[in-house]
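# The following block contains a protein sequence and its predicted model.
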Amino acid sequence: MNRSLLTALAALVVLAAVIAGCGGGEDTTDSSTAALSKAQFIKQGDAICKKANEENEAEAEKFAKENGFELETARKIQLEELVEGVLIPSLEQQAEEIGALGAPEGDEERVEAIVVALEDAAGEIEDEPSLAFESKALEEPSKLAASYGFQVCGEV
């Protein structure tokens, strides 16, 4: 896999992870804490995305080394193993971290729309890992995240 494809994979991981935890599914927020402002939510979400980008790139390289292939020349099946071994677990971890932030008051519906679009896309990628390499696989959640104001999390 070339560096740009690896970067795109890492961006997909981060975007999907951040949006997945923005308030969908189980309510993992602590109701005793005050809701974040939109600016705080975006800032904290983007910080999580940045950290996840770095970790995912390192994890992808480690995964490739442990499984005996070069990212630059990996076959489709190896890249799909990478998606299953790195992307999907990362989605779950990031969803938990971002879910703990909670949606800003008044933005619950908008955040929920992002979450639903991402959950649909993530489910499709889990069912068909090759979709992770198609730019349109996360187009809708990416568009929604960017329009919400995410800088790092909305870029693919």
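Perfect, thanks for sending it.

# What is the burial count for residue 60?
Counted with other Cβ atoms under 10 Å, the neighbours of residue 60 add up to 24. No exception for glycine: its C-beta is placed from N, CA and C like everyone else's.

# Let me fix that, I meant to ask about residue 104.
Burial of residue 104 is recorded as 20 neighbouring residues (other Cβ under 10 Å).

# Now do the contacts for it.
Residues in contact with residue 104 (Cβ atoms under 8 Å, 6 or more residues apart in numbering) are 35-38, 40-41, 111.

# What segments of this protein are helices?
3-20, 38-66, 76-82, 88-99, 108-127, 139-148 (DSSP state H).

# before we move on, the earlier item: would you list the buried entries among the contacts of residue 104?
35-36, 38, 41, 111 (16 or more other Cβ atoms under 10 Å).

# From these, which shows the smallest pLDDT?
Within those, pLDDT reaches its minimum at residue 111, with 77.

# From residue 78, how far out is the nearest residue to that one once chain neighbours are set aside?
Distances taken as Cβ to Cβ, 6 or more residues apart in numbering place residue 103 nearest to residue 111, at 3.9 Å, with adjacent residues excluded. Distance from residue 103 to residue 78, counting by Cβ to Cβ, to the nearest Å: 37 Å.
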